[in-house]
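>>> model the structure of this input:
(2 chains)
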Amino acid sequence: MMIHYRFLLEELRYGGKQVITFVICVALSIATLTALNSFRRDVHGSLIDEARELQGGDIIIHAHQPISDKLQLAVDSLAQQNYLKQQKTFEFYTVVLSEIKDSSLLSSIKAVESAYPFFGTITLTSGLQLGEALEPGTVVVAQEVLDRLDRAIGDRLIIGDVAFTIADVVAFESMRPVSFLSFGPRIFISMTDLDQLGLLGRGSRVEHELLLQLSEPGDAEDITKILSASAVPRVERVETAASARSRVRTFFDNLLFFLSCISILTLMLSGIGMQGSLSAILYQKQKVIAVTKAFGASNRFLLTQYLIMVSFMGAFGSLIGIGLGYTIKRLFPLLLGDLVPQGVGYAFHPADTLEGIVLGILVVTVFTLLPLHRLGTVKPVMIFRHETGAAKRQAAPIITGIICSLFLSLLVIRQIDDVKIGIFFVLGLVLLIATVSLTASACLWLLKRAPLPTLALRQAAKSLYRPGNASRSIIVTLTSAISVLLVIFLLKLNLFATFIESYPENAPNLFCIDIQQDQKDLFQAVVGEEVLLFPVIRARLLSINDQPIDPVQERERKTDNLGREFNLTYRENLLDDEIIIGGNSLFEGTERLPPGVVALSVLDSIAEIGEIELDDRMRFNIQGVEIEAQVTSIRSRTESRLYPFFYFVFEPATLEAAPQTFFSAIHLPRELIPDMITAIVAQLPNVSTINVADVADRFGQLMKRLSVVITFFASFSIMAGCLILISTIFATRLDRIRETVYYKVLGADSNFVLLVLTCEHAMLALFSSIMAVIFAEVAAWLICTTVFNIVYQPHWYVAGLTVVCSIVLVIMIGLTSSFGIIQQRPAVYLRQQNGT
Amino acid sequence: MSDPILRAAHISKHYTIGERRAIVLNDISMQLEAGEFAVISGASGSGKTTLLTVLSGLDKPSNGRVWLDTQDITDFDENRLAPLRNRLIGFVFQAFHLVPSLTSMENIMFPAELNRDPDATEKASQLLHRVGLWEQRHNRPEQLSGGEKQRVAICRALINNPQLVFADEPTGNLDSENSREVVELLLELQQEFNTTLLLATHSSEISDRADRVLSLHDGRLVDNGYRQ
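Got it, this is the predicted structure:
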């Protein structure tokens, strides 16, 4: 293999801006993915590899009711045989009061035994162990409790019926790596104090956990199987620490999944940019290649030289990409703030660097196949040709397209770790690109035939068909990138508009749950007005049309699942924000139901998830009693807002006698809510209250932060789109110079040339942004109406602003990159053409 | 005698290539009368094309001055030269230099459209008929033969009825048959449009038909073509 170093050096030196564009494209293609994967490894390291520290045991038994005797016996039996040690925890939300009952705070109470936890760390500011600090009658609280209630260590707090002394403050809790998924700060109490609280009444939302520490951690799977056999199906969950899915893990899996999709889009767009800039380099070198061939250089020789050149540029780009990835990762704390789990580091490991290099090699190889293949199509006769003919149709682009798609599919499957979703993602991407591509072709076809009013516009339109102009590629790229950004922005706006900004003035903003039957009158008295109380009956869905619900499978759903515990209710009428969309009335035809079958009205959103239709049969377990119901109507909500709704509504006669609690939604002036919560909890300590206005604020803050993170990643796609535009301008630089010279020779001034270039780029941006707006509006509408079930507002002013900003951005990039072209003097070009 | 349409005084042109200074034109003075057909002749490398580009304002002389229709264009910038090129001058090149993305018709119309001439289409159509290329009006340059391209280029040069046409080796890329046809056409149209034609060539056949032949040798004007 002959390597001509001087030739290579000269090619690199004279490649100029195209070489730089290529290197930036390589860097951009791997930077976000490398940073993201490095962060993912850290998060997984923190949340999964140290699962025992996160979960607090080797095996976790979880239930929303006391652990069944059968399961407890099985655990005790294994404990007696020294296979394991066990400890219980109870966790629930309640409102705590300051001792003088002047302030209150919704908090997450965790009752623990003295040895808690088996694994993981709870660091107290005093330096004591939790077991040492937490004595009966005391609490250990998060700093937020002290801050928000304006209390200090030694002060007292009221939880339920009992006053506790604040003994210490939690500085770090490995079982609670993030706080943003919780409604309130942590308060630890001793297990011995739990019964005195008086909060664990009927219908209380208490999470019962049994943490097991194994003598042989390797036995976790086997012991889990043994215990699962004794567990109440669908009620008690027995999981190993590694398999237990925490909300934190689900959140990060979803966030990283989404960011991965955006990063792959960036990689693909950068790949197209890479292809464009290499094509530009080789297009410029066409004559050199032709001359080299005329003097006997073989295709193999040239391929070797350019392959080495590409490898060098790729390696350099990869190094920059790895460096950029490292920088992006260092920005994560700034971007994610308190979303990042405690204990997650920001170091860049050798594995991250290795991944960057491998990814760089693969990306460069896949996306430079086509331009390098075209080296073989350059013939020595091109030395004598001045004008470029139409390119012949060849199989190479199709084969390269297939290789690129395969590479992307494998990459997506690896990133997303889900073959089905991976294939859907790639198919979606291909469909999007194909649709945009076809629409772009149609637009360009129409433009070709449109009677444009001015010469500059006509010339600009003609320029879009310039050989090698890649107008369609630019439109596809810009459309894809702008679409992604706009969809994110529109979703954010719609979620904000629905849940935060347009929350009706008189809508309920304080939810009270777990009101007992005998507390109804007292509750009304404390609130001071007649309020609607919704009965709540806890139940599980067993089957639909005799098809059993598989809780394990259901938990895999990304939407709500049918395996969880549901809140049923009963009433005779529709609520103000409900309409019937299936059937004629809530319980039509009840009299025709067979004996033992009751009528049921189902909300459309859960009907969609479970594919439930009218007349379907559903079997429920209501605290040990099974009932069979037939769907007599399907309801829908007319307003998307934070207002109580029930998936399943029965006739009063069916559930009136069932064990139940009550739920109430109250509207109060916002400033009065804290006092009302304090008053309710002081009189009814077991009643849990949710300050919806507060929740909406927290939701808004979370949305804003997520939006910043996603926009940050999506902006790399826009950068890739801009690079494609720049690489295309470079690729067609000679043609543009020639046109400019011709215009000038024929009497056009620089303003005319500038106007033509401006119009050309404006047309590209206009097509791209209008298509992006259409795609984004459709996509955001689909997501809002099908995933979030909220009313969609198109926010046309945002769409308009997107179009304007895109046009300005593309024109700026286009003109900046074309500056040398506009300045071109005709004589210089003509002299070069004459070879003098 | 009327004012000359083109006048050059003591023009020189030199390039610096590396450390070497190449003198392409050396102290050339000349003028051209309206309606005249003049040829610049000389061997390859004698400076014919450079002289043509300097006289037409496409390039600037290193020294000396150039007047076009009484205007001293030597120091004109590109934007001041643009309207002169559009209305006063037409160009025909050896390599045709047609805009590849435009059809024959569009290429011819282009200078008239720049001039905001409402009759651009009509004039282009007449010219296409005149040169026998009406059928090829929708063809792009790549779909035309060399002779056809040059005929389109001639039409483009003449559409604004310029006072002066510069032609640089217009037959250099053509076979003898096409060369003859193109020269005939050029001369016929020069008569019809009553324009001045300055043509650079080393073809003695074309030189023989010129009113005047300016001979260049190593960048110097050795004969200004006036009969002594």
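>>> close to chain A: what parts of chain B are there?
B:45, B:49-50, B:53, B:58-60, B:78-79, B:82-87, B:89, B:91, B:93-95, B:97-102, B:106, B:110-111, B:113-115, B:141-142, B:156, B:160 (CB under 8 Å from any CB of the partner chain). (Glycine included, C-beta is placed from N, CA and C.)
>>> out of the residues you listed, which are inside helices?
B:49-50, B:53, B:78-79, B:82-87, B:106, B:110-111, B:113-114, B:156 (DSSP state H).
>>> mind naming the longest strand for chain A?
Secondary structure of chain A per DSSP state E: the longest strand is strand A:84-98.
>>> what about the helices in chain B?
Going by DSSP H, chain B shows helices at B:48-55, B:78-87, B:104-114, B:120-130, B:146-158, B:176-193, B:204-208.
>>> mean pLDDT per helix and strand in chain B: which one sits at the bottom?
helix B:78-87 (a mean of 85; mean pLDDT, DSSP states H and E).
>>> angle of that one against helix B:104-114?
Angle, helix B:78-87 to helix B:104-114, by axes from the mean of the first three to the mean of the last three CA atoms, to 10 degrees: 120 degrees.
>>> where's the residue lying closest to A:L307 once chain neighbours are set aside, which helix or strand?
When the adjacent residues along the chain are set aside, A:L307 lies closest to A:L372, with 6.6 Å between them (CB to CB, 6 or more residues apart in numbering or on different chains). Here A:L372, judged by DSSP states H and E, is contained in helix A:350-373.
>>> ok, back up a step: among the helices of chain B, which is nearest A:L603?
helix B:104-114 (63.7 Å; CB to CB).
>>> show the pLDDT at A:M618.
We have a pLDDT of 94 for A:M618.
>>> these two touch, right, it and A:D546?
No. If you go by CB atoms under 8 Å, A:M618 and A:D546 don't touch, sitting 10.0 Å apart.
>>> okay, those two: which has more neighbours?
A:M618 (22 against 10; other CB atoms under 10 Å in any protein chain shown).
>>> how far does the host helix or strand of that one sit from its chain's centre?
In the assignment (DSSP H and E), A:M618 maps to strand A:617-622. Mean-position distance between strand A:617-622 and its chain equals 34 Å (CA atoms, centre = their mean, to the nearest Å).
>>> in its sheet, what does it sit against?
Partner strands and pairing direction for strand A:617-622 (DSSP bridges) are strand A:533-544 (antiparallel), strand A:625-637 (antiparallel).
>>> what is the end-to-end distance of stretch B:184-204?
Distance across stretch B:184-204, first residue to last, is 15 Å (CA to CA, to the nearest Å).
>>> and that stretch, which residues are buried?
By 16 or more other CB atoms under 10 Å in any protein chain shown, the buried positions in stretch B:184-204 come out as B:185-187, B:189-190, B:193, B:195-203.
>>> and what of stretch A:804-820?
A:S806, A:I807, A:L809, A:V810, A:I811, A:I813, A:G814, A:L815, A:S817, A:S818.
>>> ditto for stretch A:34-45
Those would be A:T34, A:A35, A:L36, A:N37, A:S38, A:F39, A:R40, A:D42, A:V43, A:H44, for stretch A:34-45 by 16+ other CB under 10 Å.
>>> ok, residues contacting that stretch?
If you take CB atoms under 8 Å, 6 or more residues apart in numbering or on different chains as the criterion, stretch A:34-45 is touched by A:252, A:256, A:259-260, A:263, A:321-322, A:324-326, A:328-329, A:332, A:341, A:344-349, A:351-352, A:355-356, A:359, A:415, A:713.
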